[in-house]
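Asks: Got a sequence here, can you build the structure:
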Amino acid sequence: MENSEFKKSIIHQLADAIDYVDECVVIKSIFKKETGTVTISSFDAGEARMVKSSPFSNFIQIIDGEAEVIIDDESTTIEMGQAIIIPAHVKNRIKANTRFKMLSTVIKSGYEDVSL
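Replies: Residues are numbered from 1 along each chain as shown. Below is the predicted model of the structure:
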């Protein structure tokens, strides 16, 4: 099985690390451990992630284009270079009105005393 994580100890140009694919959302693992994940994604225009919620907060940074992030039915446009934290246990959705790429960081800690 091929290791899909980024190689360690070398420089990576994030915006060039993933391509756009027509009518698709592409997700690539940068770093994945039991304690958290870092992924990079590209969304073609018109694509969206289904409404979901997670037991962990998610730090989203836009690295190309702009995204519509909907948190608890409140829509916000996030542009390249900007970031937002999607809180744990809150319904959210990410939409591509235009193509964009994002970096997503989830740290799976700090919620040990919360029952799911």
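Asks: Only C-alpha atoms from now on, for both contacts and neighbour counts.
Replies: OK.
Asks: how near is the residue most central in space within the chain to residue 61?
Replies: For the chain, residue 104 is the residue whose C-alpha lies nearest the centre (C-alpha atoms, centre = their mean; 3.3 Å). Residue 104 sits 7 Å away from residue 61, going by C-alpha to C-alpha, to the nearest Å.
Asks: Kindly report the same for residue 73.
Replies: Counting by C-alpha to C-alpha, the gap from residue 73 to residue 61 is 20 Å.
Asks: Neighbour count for those two, which is higher?
Replies: residue 61 (22 against 11; other C-alpha atoms under 10 Å).
Asks: pLDDT at the closest residue to that one other than its chain neighbours, what is it?
Replies: In space, residue 61 comes closest to residue 83 once its chain neighbours are excluded; the distance is 4.1 Å by C-alpha to C-alpha, 6 or more residues apart in numbering. If you check residue 83, the pLDDT there is 98.
Asks: Make sure residue 83 is actually in contact with residue 58.
Replies: No: in this structure, residue 83 is not within contact of residue 58 by C-alpha atoms under 8 Å, at 10.4 Å.
Asks: ok, and what's touching stretch 14-22?
Replies: 26, 28, 40-44, 63-64, 99, 101 (C-alpha atoms under 8 Å, 6 or more residues apart in numbering).
Asks: Strands of this structure, residue ranges please.
Replies: Along the chain, counting by DSSP state E, strands occupy 25-33, 36-43, 58-71, 74-79, 83-86, 92-95, 100-107.
Asks: Go through these and find the least confident stretch.
Replies: strand 25-33 (a mean of 91).
Asks: Return the list of strands paired to that one, each annotated with direction.
Replies: In the sheet, strand 25-33 lines up against strand 36-43 (antiparallel) (DSSP bridges).
Asks: If I take the strand it pairs with and strand 100-107, what angle do their directions form?
Replies: Inter-element angle recorded for strand 36-43 and strand 100-107: 170 degrees (by axes from the mean of the first three to the mean of the last three C-alpha atoms, to 10 degrees).
Asks: Next, the buried residues of strand 36-43.
Replies: Using 16 or more other C-alpha atoms under 10 Å as the test for burial, strand 36-43 gives 37-43.
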